[in-house]
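[1] Mind looking at a prediction? Sequence and model below.
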Amino acid sequence: PCRPDHHPTFLHAVVSAVPTAQRHTANMGSHRAVMQVFEGYQKNRVNFVQAVAEMATRPQNIEALQNADVMSLLRPLLLDNVPSIQQSAALALGRLANYNDDLAEAVVSGDILPQLVYSLSEQNRFYKKAAAFVLRAVAKHSPRLGQAVVDSGALDALVTCLEEFDPGVKEAAAWALGYIARHNAELSQAVVDAGAVPLLVLCVQEPELTLKRIAASALSDICKHSPELAQAVVDSGAIAYLAPLVQNPDAKLKRQVCSALGQMSKHSVDLAELVVEGEIFPSVLVCLRDQDTYVRKNAATLIREIAKHTPELAQLIVNAGGAAAMVDYVNESKGTARLPGIMTLGYISAFSETLALATILSKGVPPLANALVTEPEDHIKAAAAWSLGQIGRHSPDHAKALADANVFPKLLSVYTYENSSDDLKTKAKRALKCVLEKCVDLPALEPLLHDAPANILKYVVAQFAKVLPHDVKARRSFVTSGGLQKIQEITADSGSHLKEYIDTINDCYPEEIVRYYSPGYSVTLLEKIDQYQPTAA
């Protein structure tokens, strides 16, 4: 018998197997070659989107990317079958849209928003964060772009993201909602109607600081537009969770909390009282001394929005030590940060003599006078002039506090300065008028006789006309100081109030005294000397 390996059947099998093995090897090589092409394509897509996302972080690259029509190249990559490419494409789009409104417009016109909204409910948490970032970057530029985001159906998807487990997704969604709401009342109302507010209030209660900050900021953006929107936020229980956070050690969180509470308080007495009932005093006064500039400013703004409503709320602030704390704040701050403090002192002082006296006793007049002189911005000077007027207009004692701080010449100076704004001139004039009408400190008024223009001078002369008829010592002092002589030099139209006041003053003195201080009297005397013939001895 033949050997098995020489058997015809075996030999046939071996011969037949050779081409099959070769074909298998060829197929393997072909498959590998195809896969290398696809792997190379995927690698190139990854490299492309990552490079674009990186380049989009540098402003100098934006124009070149825009000219290369990068938006149309990124759009299909949002639907890529590789998740990391989708995420990088969304990140790149967000960075580009964030840069300017032209690129944000390109996102809208390229029908990219519906893809992003769809993906918010379908994709993983990383993509959701990137998609929400793009929506925020588009919405931030203008109300029209914010409306485009709303029209794409994004609100429901973003609100759903607020219920996600991952805090990063919640942050991205809350941020986008805040940017949509900040533009106007209509967009804010759309955010409220989508059910965002209760979920944002829940986010404030989460342990993550960043999420708390962004949620508080979004609530602030919603309630700033109208009493109704603020009421919607309050009705969701926001105050109870925001108010304790004014004591939180995190400065960025305190900024947003003070801002949100201030936006609620500004609309009405009822809302301001609800914020006060959240027991923010005296804790919020500590924020006026915070190391962070924005915490101090936002706290001062919050207190201003409460103080402006009623005497009772102003009194509550004073009783908590708010007047003295605000005076310190005005002393220590500069520029626009100073403005809410200046206005708070004015609002408090406007309500009553007692509250104005509290400002005076807290040494509030000197820092306001300082702001009137040293601040470069006219609107801040105008606020200081207004507040000084509110302090001094109540009584002679209040007016004297301003006189003692040498406020009158300062007010007169900004009023007469030709480059002062119309608003500053108006407020300085009103402050001078209402305080001068109460001032009976004649030595403080005398310099104004020499410097004041006619429309202010009449108020000054009126005060002398009130006081001199009843005060012998003042009449004598008025002569020796040169005041009476100055009165004679004033030209007044017959029948005018100013003329009446001058006549009243002159009636307080013997005719020869008045004549002696009248202009030209010395010439008359010299003429009499010339005409006088002495009697011969």
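    All right, it came through fine. Treat the numbers as computed from the prediction; the structure is a model and nothing was measured. Numbers count the residues shown, from 1 in each chain.

[2] alpha carbons only for contacts and neighbour counts from here, please
    Noted.

[3] What lies in contact with stretch 417-432?
    Stretch 417-432 has contacts (CA atoms under 8 Å, 6 or more residues apart in numbering) with 378-379, 381-383, 385-386, 388-390, 393, 408, 411-412, 414-416, 456.

[4] Which of these fall in helices?
    Of the contacts of stretch 417-432, the ones assigned to helices by DSSP state H are 378-379, 381-383, 385-386, 388-390, 408, 411-412, 414-416, 456.

[5] so where is this structure shaky, pLDDT-wise?
    Residue ranges of the chain with pLDDT under 70: 1-27, 29, 123, 520-537.

[6] center of it - which residue?
    residue 298 (8.0 Å; CA atoms, centre = their mean).

[7] give the contact list for that one.
    The neighbourhood of residue 298, defined by CA under 8 Å, 6+ apart, consists of 255, 258-259, 262.

[8] Residue 385 and residue 411 touch, don't they?
    Yes - if you go by CA atoms under 8 Å, residue 385 and residue 411 touch, sitting 6.9 Å apart.

[9] of the two, who's got more company?
    residue 385 (31 against 27; other CA atoms under 10 Å).

[10] returning to that earlier point: format the contacts of residue 298 as CSV; extra columns: distance to residue 291.
    Below are these laid out as CSV (distance: CA to CA, whole Å):
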residue, distance to residue 291
255, 12
258, 15
259, 17
262, 20
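
[11] ok, those residues vs residue 304, which is closest?
    For the contacts of residue 298, the residue nearest residue 304 by CA to CA is residue 262; the value is 8.3 Å.

[12] Tell me if I'm right that that closest one and residue 305 touch.
    Yes - applying CA under 8 Å as the test, residue 262 and residue 305 come out as touching, 6.1 Å apart.

[13] one step back: show the buried residues in the contacts of residue 298.
    For those, a burial check counting by 16 or more other CA atoms under 10 Å picks out 255, 258-259, 262.

[14] Now, these that are in helices?
    In helices, defined here by DSSP H, the members of the buried ones among the contacts of residue 298 are 255, 258-259, 262.

[15] Quick check: closest non-adjacent residue to residue 281.
    Computed as CA to CA, 6 or more residues apart in numbering, the closest residue to residue 281 that is not its neighbour in sequence is residue 320, at 6.7 Å.

[16] So the one you found versus residue 275, what's the distance?
    Residue 320 sits at a distance of 15 Å from residue 275 (criterion: CA to CA, to the nearest Å).

[17] Please identify which of these two sits among more neighbours.
    Neighbour count, other CA under 10 Å: between residue 320 and residue 275, residue 275 has more, with 24 against 14.

[18] which residues touch residue 201?
    By CA under 8 Å, 6+ apart, residue 201 lies in contact with 215-216, 236-238, 241.

[19] element containing residue 46, please.
    Assigned by DSSP states H and E, residue 46 belongs to helix 8-55.

[20] ok, then the element right after that helix?
    Past helix 8-55, further along toward the C-terminus, the next helix or strand under DSSP H and E is helix 62-67.

[21] shared neighbours, residue 385 and residue 411?
    Counting by CA under 8 Å, 6+ apart, the contacts common to residue 385 and residue 411 are 372, 428, 431.

[22] Residue 166 against residue 125, yeah?
    Yes - Residue 166 is in contact with residue 125 according to CA under 8 Å; the separation is 7.2 Å.

[23] who's more crowded, the two?
    Each of residue 166 and residue 125 had its neighbours counted (other CA under 10 Å), and the higher figure belongs to residue 125 (20 against 13).

[24] Would you mind stating the distance between that one and residue 133?
    Remark: distance between residue 125 and residue 133 (CA to CA) = 12 Å.

[25] cool, residue 342 as well?
    Using CA to CA, residue 342 is found at 39 Å from residue 133.

[26] higher neighbour count, these two?
    Ranked by neighbour count (other CA under 10 Å), residue 342 and residue 133 place residue 342 first, with 29 against 25.

[27] Mind telling me what element the more buried one is part of?
    When elements are assigned from DSSP H and E, residue 342 belongs to helix 339-351.

[28] mind checking how far the helix or strand following that helix is from the chain centre?
    As assigned by DSSP H and E, the chain's next helix or strand after helix 339-351 is helix 353-361. In this view, helix 353-361 has its centroid 28 Å away from the chain centroid, taken as CA atoms, centre = their mean, to the nearest Å.

[29] Excluding sequence neighbours, find me the nearest residue to residue 173.
    Nearest non-adjacent residue to residue 173, counting by CA to CA, 6+ apart: residue 158, 5.2 Å away.

[30] Using the three-state scheme, assign the one you found.
    Put simply, residue 158 is helix when judged by DSSP: H, G, I helix; E, B strand; the rest coil.

[31] what's the distance between it and residue 504?
    76 Å.

[32] what sits up against stretch 330-341?
    293, 297, 300-301, 304, 326-327, 329, 342, 367-368, 375-377, 380, 383.

[33] Please list only the buried members of the residues you listed.
    The buried subset of the contacts of stretch 330-341 - by 16+ other CA under 10 Å - is 297, 300-301, 304, 326-327, 329, 342, 367-368, 375, 380, 383.

[34] which stretches of the stretch 201-350 of the chain form strands?
    Counting by DSSP state E, counting those that start in this stretch, the stretch 201-350 of the chain forms no strands at all.

[35] where do the helices sit along it?
    Secondary structure of the stretch 201-350 of the chain (DSSP state H, counting those that start in this stretch): helices located at 209-223, 227-235, 238-242, 251-265, 269-277, 283-287, 293-307, 311-319, 322-332, 339-351.

[36] nearest to residue 38, of the ones you listed?
    Ranking those by proximity to residue 38 (CA to CA) places helix 209-223 first, at 40.7 Å.

[37] For residue 506, which non-adjacent residue is spatially closest?
    Nearest non-adjacent residue to residue 506, counting by CA to CA, 6+ apart: residue 514, 6.4 Å away.

[38] And for that neighbour, the neighbour number?
    Residues near residue 514, counting by other CA under 10 Å: 19.

[39] Quickly find the element holding it.
    With secondary structure defined by DSSP H and E, residue 514 is part of helix 511-516.

[40] And that helix, what's buried?
    By neighbour count with 16+ other CA under 10 Å, helix 511-516 contains the buried residues 514-515.

[41] separation between residue 223 and residue 185?
    Going from residue 223 to residue 185 by CA to CA gives 9 Å.
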